[in-house]
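> Mind folding the following:
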Amino acid sequence: MNGSASATERTLACPASLALPKVHRSSAYAERGHGIHAFVRAVLAGVPHAAAVATVDEEHRGTCNKMQVSALVGDLYNVRCEVAYALDPIARTARFLGVDVGRNYEQFGLGPNEIPGSLDIEGTNFTDVPVIRDLKTGYLDVTDAEDNGQGLFFAAVEYLMTGAPEVIFEIMKLRPDGSLVTVSSATYTAFELDSFLDALEEALVESRAARRVYLAGGTPDVTVGTWCRFCESMESCPAYMRLAKSMASDVADIETRVDHLTLPEAGVAWRKAKTIEAMLKRVLEALKSRARQEPLPIEGGKQVKAISFGRSDFDRDLALAMLRERGATDAEIAVLFRESEVEQIREVNDPNAARQPKARKRAKKAKPLDADETERVRALIDTACEADTKHNAGESP
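Here you go, the predicted model:
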């Protein structure tokens, strides 16, 4: 119930999220990240590069094959990968759990205030400063190192375990082509880490109070923000429940009035409906994720569950290749294609709408010249004027 290192920013922003029921889910992006992290871990452990690539899903092998894993380590020594820790911000202690434990933290008997997590890479630089590095493989924006909750979490761990007066945190971004770049880095001081631990301790205390409110049938105070995106408590979050209820009333209102709306009102209704559509997709995806774990009972003696079945699809590219192999010309293949009109309802620019003026760039204010620069400019102007006079008189400049 204490969250994890990766959820630190959400814990600090919305302590009540720890008090609500959770639905554990995964995604294609998460699976991609796990696969690439496993590849990095294998190479750093001494597995040959080619052998490690062979263990990755085929769609990610191209990225891993071009990846220079040594760039992740750089000039660090005493390097370890996928190191799991448990942090207790109330007792101000940190505990080493193991290496490559697979996020299976419960086996270590976590304390009532311990928060678990696994960092990607840790080591020490040539000035004996602890360095932690986080490998990011997704396409989403990443919080800068200075304010990165996960970075602060593991820096606090290193600080408590080593007593180092400062810890360096670096975010390493993996591009689709396999190349690495340092997105941002920060050096946390002991004062900053103590302040972070104070904030994390306060968040845990607030989450306990929110839990008591929830168990008593009350509604905990939640805070909505960017941290909600991957929150496992979203389905039970009162903020999103309120939003779902308001969406239902909006749908009913739009449905009954759509034929009688003015054009501007219809435009507003369109935008509102698109927002509802996006939210509905998220809700359905969350419900599908839960149904994959256990069936959801519905009326009529039915249930929603994951099923598997075989399906045959027509492979267009394979068919074209086969036709060409058997001698079909481009003209003969072109006969097989049918042209048709496709209509889509989309948002486009209104040709009759007044164009918004582009913001003009503010001119930079000229820096005043000093006496020497002023004299030098005047001399250049005099020389240019003298040359121009001679040219007009037919003389050689």
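> Which residue ranges of the protein form strands?
With DSSP state E as the criterion, the chain has strands at 77-88, 93-99, 115-124, 130-136, 166-174, 180-189, 296-298, 302-304.
> now those strands as CSV including mean pLDDT and mean neighbour count?
No exception for glycine: its C-beta is placed from N, CA and C like everyone else's. Listed next are these as CSV, based on pLDDT from 0 to 100; neighbours: other Cβ atoms under 10 Å:
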stretch, mean pLDDT, mean neighbour count
strand 77-88, 90, 19
strand 93-99, 92, 16
strand 115-124, 91, 22
strand 130-136, 89, 21
strand 166-174, 89, 21
strand 180-189, 83, 16
strand 296-298, 87, 11
strand 302-304, 90, 11
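> right, and the ones you listed - which one's nearest Ala156?
strand 77-88 (6.3 Å; Cβ to Cβ).
> Low-confidence regions, this protein specifically.
Scanning the chain for pLDDT under 70 picks out 23-33, 138-141, 176-178, 235, 241-254, 279, 282, 354-397.
> In it, what residue spans correspond to helices?
Applying DSSP state H to the chain gives helices spanning 8-13, 28-44, 49-54, 58-65, 70-73, 149-162, 190-215, 238-257, 263-293, 316-325, 330-334, 371-392.
> what's the domain layout of the protein?
5-215, 237-304 (automatic domain parsing).
> Quickly compare the ones you listed and say which is most buried.
Counting by mean count of other Cβ atoms under 10 Å, domain 5-215 has the highest mean neighbour count of the domains of the chain, with a mean of 17.
> Quick one: end-to-end distance for that domain.
End-to-end distance of domain 5-215: 25 Å, with Cα to Cα, to the nearest Å as the criterion.
> returning to that earlier point: I'd like the domains of the chain written out as a markdown table, with distance to Val342 added.
Formatted as a markdown table, those follow (distance: least, Cβ to Cβ, whole Å):
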| stretch | distance to Val342 |
| --- | --- |
| domain 5-215 | 28 |
| domain 237-304 | 20 |
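> Leu320 is nearest to which of those domains?
domain 5-215 (22.6 Å).
> ok, back up a step: for the strands of the chain, give me JSON lines that also has distance to Gln150.
Formatted as JSON lines, the strands of the chain follow (distance: least, Cβ to Cβ, whole Å):
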{"stretch": "strand 77-88", "distance to Gln150": "12"}
{"stretch": "strand 93-99", "distance to Gln150": "15"}
{"stretch": "strand 115-124", "distance to Gln150": "7"}
{"stretch": "strand 130-136", "distance to Gln150": "6"}
{"stretch": "strand 166-174", "distance to Gln150": "9"}
{"stretch": "strand 180-189", "distance to Gln150": "12"}
{"stretch": "strand 296-298", "distance to Gln150": "33"}
{"stretch": "strand 302-304", "distance to Gln150": "34"}
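> and of the ones you listed, who's closest to Val224?
strand 115-124 (22.6 Å).
> Show me what the closest one is packed against.
helix 28-44, helix 70-73, strand 77-88, strand 130-136, helix 149-162 (3 or more Cβ pairs under 8 Å, 6 or more residues apart in numbering; DSSP states H and E).
> what packs against the fourth one?
Pointing back at strand 130-136 there. Looks like strand 130-136 contacts helix 28-44, strand 115-124, helix 149-162, strand 166-174 (3+ Cβ pairs under 8 Å, 6+ apart).
> of these, which approaches Arg212 most closely?
Of the helices and strands packed on strand 130-136, nearest to Arg212 by Cβ to Cβ is strand 115-124, at 19.6 Å.
> From start to finish, how long is stretch 67-81 in a straight line?
From start residue to end residue, stretch 67-81 stretches across 17 Å - Cα to Cα.
> How about the contacts made by Ala94?
Residues near Ala94 by Cβ atoms under 8 Å, 6 or more residues apart in numbering: Tyr85, Ala86, Leu87, Asp88, Ala156, Val157, Leu160, Met161.
> Reformat the residues you listed as JSON lines; add distance to Leu323.
Below are the contacts of Ala94 laid out as JSON lines (distance: Cβ to Cβ, whole Å):
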{"residue": "Tyr85", "distance to Leu323": "59"}
{"residue": "Ala86", "distance to Leu323": "61"}
{"residue": "Leu87", "distance to Leu323": "62"}
{"residue": "Asp88", "distance to Leu323": "67"}
{"residue": "Ala156", "distance to Leu323": "63"}
{"residue": "Val157", "distance to Leu323": "61"}
{"residue": "Leu160", "distance to Leu323": "67"}
{"residue": "Met161", "distance to Leu323": "66"}
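> Determine which of the strands of the chain approaches Ala216 most closely.
It's strand 115-124; of these, that one is closest to Ala216 (Cβ to Cβ) at 24.9 Å.
> Neighbouring strands - and their directions - for the closest one?
Within its sheet, and counting by DSSP bridges, strand 115-124 is paired with strand 77-88 (antiparallel), strand 130-136 (antiparallel).
> With distance to Leu197 as added columns, please give those strands in JSON lines.
Formatted as JSON lines, these follow (distance: least, Cβ to Cβ, whole Å):
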{"stretch": "strand 77-88", "distance to Leu197": "8"}
{"stretch": "strand 130-136", "distance to Leu197": "16"}
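> Fine, thanks again, bye for now.
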